Each structure stands twice: as structure tokens, then as C-alpha cells.
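> predicted model, plus sequence, below.
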Amino acid sequence: MLSFNTIVVFASASFILTITPGPDIIYVITCGIAQGKRAGFLAALGFSIGVIVHTTFAVVGLSALISSSAFVFQVVKYAGALYFVYLGIKLFTAKSNFLLQQQQDDKLSLKIFWQSIVANVLNPKVTLFFLAFLPQFVNFTHGKVAMQMLLLGGIFMLVTFSVFSFVGYFASSIGNWLRKKPRLANKLHWVAGCVFIGLGIRVALLEHR
């Protein structure tokens, strides 16, 4: 199985990769600012569960299919892009006081959780990343490759959840500051919507190779 040194190196690499700016962490920041620490926490949890989904894809071979088929890659890519744009339009057209209204909305919290999972799963670059990244830390001579990859995915999930939860909590403090400035707060849904639409465009421009 995995050695202690391998786990330490993998966890360190995972931390560096997780804090690197990308659609996922930007989504968490936006949720934390716009809808509070609970939203940031649930977004972090959703993306963490998405890690396990991608790990499972890598283990069962779906990642290899996406990697080898330009058509499948394009389908997943544009589905993810459209989903981000859809979320952005919903935020952009929300009521001006949504920042204050929705902070403790249980239904909204559940939506954020599921939206985070879907947004992560529909990002083909994440799928390809796991396909390329995880095997580098697998000891093939020891066998049980699938078990090793699942363990690595679990470690990456814990790192992702820890980092994203902290980021979401920090972002919520910015949201709290904005709530003291109603004129800024009432425009925040426009900013959040534009961010999500921008993420959708970014995903749409991803290249297969």
C-alpha cells in the first residue's frame, strides 16, 4: 500500500494544487461572500464530494474515456459551461436584497451543496487531472491499485474540504462587512452572477489536449 512518505508528499502537493486559483475555489469565495459562512461551508463540502466522484471515474475508467474521446470531452465541457452560465444568470437576475434575504435559507443551502457537486463533476479538466495525477503516487508493484487510488482520492478530498472551508469562512467575513454597506450589498448579486458567467466562459474555452 502507500508509504508514509508518499502520503505526506501527496498531501503537500494536494494542498498546493487546492489553493491555486480556479473555478472551484472562486465559486466557494463567491458563495461565502454573497451568502455567508454556511453557504461557503456547503460549497466546500460539495466540491469535496465531487473529488470522490472524479476519483471513482479514474478507477472505473470513465476518465480514460473522456481523455481519449474529444466528443465526450466536448459534451462534458459544454454541459459544465452552460451550468455555470445558468447559475450566473439566476444570480444576476436575483432580487437586489438577496444577500440579506437568503443567508439562512435551508433550501438555498441545499441548492448550493448540489450545485457545487454538479459544477465540479461537469468540469472535464478536473477529470483529466485526476487521471494524470493520482497514478503518479500509486505503487503498482504492491497491487490493489484501485484501493490506493481511492485512498489518495480520500486524502485529496480532506485537503480540499479543509482549504475550501477556511476560504469560505474568510470570504463570509467579507460578506459581513458588505452587509454593513447596503448600497454595495444590494449590487453583490450582479457581481456574483458575472463571476459565474465568466467561469462558464472559461470552462467553454478549455481545450481537449
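Now that the structure is in, tell me what you want to look at.
> the one residue sitting closest to the centre of the chain: what's it in contact with?
For the chain, Asp24 is the residue whose C-alpha lies nearest the centre (CA atoms, centre = their mean; 3.3 Å). Taking CB atoms under 8 Å, 6 or more residues apart in numbering, we find Asp24 in contact with 47, 119-120, 123, 126, 164. Any C-beta I mention is one placed from the backbone N, CA and C, and that applies to glycine too.
> and of these, the nearest to Lys77?
Closest to Lys77 out of the contacts of Asp24 is Asn123 (8.2 Å), distances taken as CB to CB.
> I figured the closest one hits Val203, correct?
Yes: the pair Asn123 and Val203 passes the contact test of CB atoms under 8 Å, sitting 6.3 Å apart.
> model confidence over the longest helix along the chain, on average?
If you go by DSSP state H, the chain has its longest helix at helix 145-179. In this model, helix 145-179 carries a mean pLDDT of 89.
> just checking, what packs against that helix?
helix 4-19, helix 23-35, helix 37-60, helix 98-101, helix 182-185 (3 or more CB pairs under 8 Å, 6 or more residues apart in numbering; DSSP states H and E).
> after the lowest-mean-pLDDT helix or strand in the chain, next one along is what?
Lowest by mean pLDDT, DSSP states H and E among the helices and strands of the chain is helix 98-101, with a mean of 47. Using DSSP states H and E, the helix or strand that follows helix 98-101 in sequence is helix 106-121.
> residues shared between the contacts of Asn123 and Val203?
Common neighbours of Asn123 and Val203 (CB under 8 Å, 6+ apart) are 23, 80.
> contacts only, for Ala171.
By CB under 8 Å, 6+ apart, Ala171 lies in contact with 28-33, 40.
> equivalent analysis for Phe133, please.
Contacts of Phe133 by CB under 8 Å, 6+ apart are Leu17.
> same question, Leu42
Taking CB under 8 Å, 6+ apart, we find Leu42 in contact with 31, 109-110, 112-113, 116.
> list just the nearest of those to Val159.
Distance to Val159, by CB to CB, is smallest for Ser116 among the contacts of Leu42, at 16.3 Å.
> from Leu110, how far off is that closest one?
Distance, Ser116 to Leu110, by CB to CB, to the nearest Å: 11 Å.
> Asn123 and Val203: who's more crowded?
Each of Asn123 and Val203 has its neighbours counted (other CB atoms under 10 Å); Asn123 has more, 27 against 24.
> contacting residues for the more buried one?
Asn123 sits in contact with 23-24, 80, 203, where contact means CB under 8 Å, 6+ apart.
> please repeat the previous calculation with a cut-off of 10 Å.
Contacts here follow CB atoms under 10 Å, 6 or more residues apart in numbering; on that basis Asn123 touches 22-24, 47, 50, 54, 76-77, 79-81, 83-84, 129, 199, 203, 206.
> I am finished for the moment; much appreciated.
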